[in-house]
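In: 3D model of this:
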Amino acid sequence: MNRRSVVELVILAMLLCGLVRAEPGDTAPRAKGVKVSVEAVSEKRDADLFPPGQVDLKWGMDGGLLIQLKFQGDSVKNVSQIGPAVVYEATDDLNESLVEKPPTATQPASGTESEMKTVEEGVDTDEAATLGEAAVGLRSPARRATKIVRLRGEFPVMAGGDRKTVEFTDLPSRFGKFLDDPTLTQAGVKVWIDAKKEDGTNDRTDLLFKLSGNLRAIRQVKVFDGNTELSTGAWYSTQEPQPMPIGRAITKQTVLRLFVVVNEKRMTVPFEFSNIPLP
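Out: Next up is the predicted model:
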């Protein structure tokens with residue numbers, strides 16, 4: 001057996017073991033133990049029927065099939081971003097391919113940083129932290145088709161890491177400064193706070209936030225007076241200071257809590273389905 005034959009056998013064995021991908025997929029590691037299910041299948045044959053507000057949901061697809069997926073697993077907990085799904089195979093029961101645009105060696109399979117969509121809802125429970133949703137866009141099948149015989153692909157996520165709570169007191173002494181905390185440093189995010197006065201008084205009732213660095217690390221912001229929650233919010237773009245109304249004067253007793261995720265990483269979530277009924 002010559003050297004080339006040996007190399008080909010090794011590559012074939014690695015493919016069978018899942019160590020090498022046959023497609024030009026994302027180079028990020030695959031998420032393990034993630035359950036992906038089909039939540040809904042819808043279709044629009046006229047692109048004009050899609051309201052502009054649905055563009056993000058379709059990842060820019062102009063008409064066709066939209067398959068909504070739900071995924072859950074400990075390895076994708078704390079998901080902060082989800083990229084557009086890439087389909088390697090989608091065949092209907094007429095043996096026609098429904099793949100909108102197959103990936104190539106020169107075009108990466110999964111989304112670039114700018115194509116990743118931010119998950120804009122803060123979560124407070126462990127169960128909610130392991131849930132996520134994605135979407136798959138396909139070409140419209142012939143009207144005689146009744147099902148998708150096979151659907152196979154993957155989508156990238158930014159997920160994992162550990163959730164931590166960072167607490168700050170004596171907020172007036174921190175106005176006009178960056179918050180100093182090792183967890184924020186570990187997460188790669190800088191948080192600057194200040195406050196503005198209510199009109200006609202000397203009371204500072206609105207906190208001001210300005211974030212830089214890894215903005216995804218801050219999942220939620222809450223303000224307390226003792227055990228009473230005064231306000232909650234989250235920001236994902238902070239070119240200018242963002243106000244957070246508190247509703248009362250901010251004092252030394254006012255507590256600021258930041259819910260932070262550290263050590264998240266990019267990974268891909270594979271999916272594969274058979275015999276999906278068409279609408």
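In: going forward, measure contacts and count neighbours with C-alpha atoms only.
Out: Fine.
In: just give me the neighbour total for V136.
Out: 23 (other CA atoms under 10 Å).
In: strand partners of the helix or strand harbouring it, parallel vs antiparallel please.
Out: Using DSSP states H and E, V136 sits within strand 131-138. With DSSP bridges as the test, strand 131-138 is paired with strand 64-72 (antiparallel).
In: and the strand holding V136, what's buried?
Out: 131-138 (16 or more other CA atoms under 10 Å).
In: then stretch 257-276?
Out: 257-262, 264, 266-271, 276.
In: do the same with stretch 165-179
Out: 171-172, 174-175, 179.
In: widest-spaced pair of those residues?
Out: Distance extremes for those: the farthest pair is P172 and L179 at 12.0 Å, using CA to CA.
In: which one of the buried residues of stretch 165-179 sits closest to V76?
Out: Nearest to V76 among these, with distances taken as CA to CA, is L179, at 28.8 Å.
In: the closest residue to K197 other than its chain neighbours: how many residues sit nearby?
Out: Spatial nearest neighbour of K197, excluding adjacent residues (CA to CA, 6 or more residues apart in numbering): R204 at 4.1 Å. Residue neighbour count, defined by other CA under 10 Å, stands at 20 for R204.
In: OK, contacts around R204?
Out: Listed by CA atoms under 8 Å, 6 or more residues apart in numbering, the contact set of R204 reads 195-198, 248-250.
In: could you redo the last one with a cut-off of 7 Å?
Out: R204 makes contact with 195-198, 249-250, according to CA atoms under 7 Å, 6 or more residues apart in numbering.
In: still on that earlier bit, next, format the buried residues of stretch 165-179 as JSON lines and append pLDDT and secondary structure.
Out: Formatted as JSON lines, the buried residues of stretch 165-179 follow (pLDDT from 0 to 100; DSSP: H, G, I helix; E, B strand; the rest coil):
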{"residue": "L171", "pLDDT": "93", "secondary structure": "helix"}
{"residue": "P172", "pLDDT": "92", "secondary structure": "helix"}
{"residue": "R174", "pLDDT": "94", "secondary structure": "helix"}
{"residue": "F175", "pLDDT": "92", "secondary structure": "coil"}
{"residue": "L179", "pLDDT": "94", "secondary structure": "coil"}
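In: before we move on, the earlier item: what about the contacts of R204, which are in strands?
Out: 195-197 (DSSP state E).
In: which of those residues count as buried?
Out: Judged by 16+ other CA under 10 Å, buried ones among the ones in strands among the contacts of R204: 195-196.
In: please identify which of the ones in strands among the contacts of R204 is nearest to T146.
Out: The closest of those, once distances to T146 are taken by CA to CA, is A195, at 59.6 Å.
In: how far away is T146 from V87?
Out: 19 Å (CA to CA, to the nearest Å).
In: with Q68 instead?
Out: For Q68 relative to V87 (CA to CA), the value is 13 Å.
In: ok, these two, which is more surrounded?
Out: For Q68 versus V87, neighbours defined as other CA under 10 Å are more numerous around V87 (25 against 18).
In: bridge partners for that one, pull those for me.
Out: Residues in beta-bridge contact with V87 (DSSP bridges): G153.
In: distance of it relative to P172?
Out: The value you get for V87 to P172, if CA to CA is used, is 52 Å.
In: could you do S75 as well?
Out: 39 Å.
In: next one: N214
Out: 25 Å.
In: same thing with E43?
Out: From E43 to P172 the distance is 54 Å (CA to CA).
In: likewise for L138?
Out: Counting by CA to CA - L138 and P172 are separated by 54 Å.
In: what do you get for A134?
Out: 42 Å.
In: okay, helices next: where are they in this protein?
Out: 3-16, 55-58, 126-129, 182-187 (DSSP state H).
In: the strands in the stretch 101-250 of the chain, which residues?
Out: Secondary structure of the stretch 101-250 of the chain (DSSP state E, counting those that start in this stretch): strands at 117-118, 131-138, 147-159, 162-168, 177-178, 189-197, 204-213, 218-225, 228-233, 242-245.
In: strands paired with the fifth one, and their directions?
Out: Pointing back at strand 177-178 there. Here, using DSSP bridges, strand 177-178 pairs with strand 189-197 (antiparallel).
In: which residues does the partner strand contact?
Out: By CA under 7 Å, 6+ apart, strand 189-197 touches 175-179, 184, 203-215, 217.
In: stretch 260-279 too?
Out: 28-31, 36, 41-42, 146-165, 186-187, 217-219.
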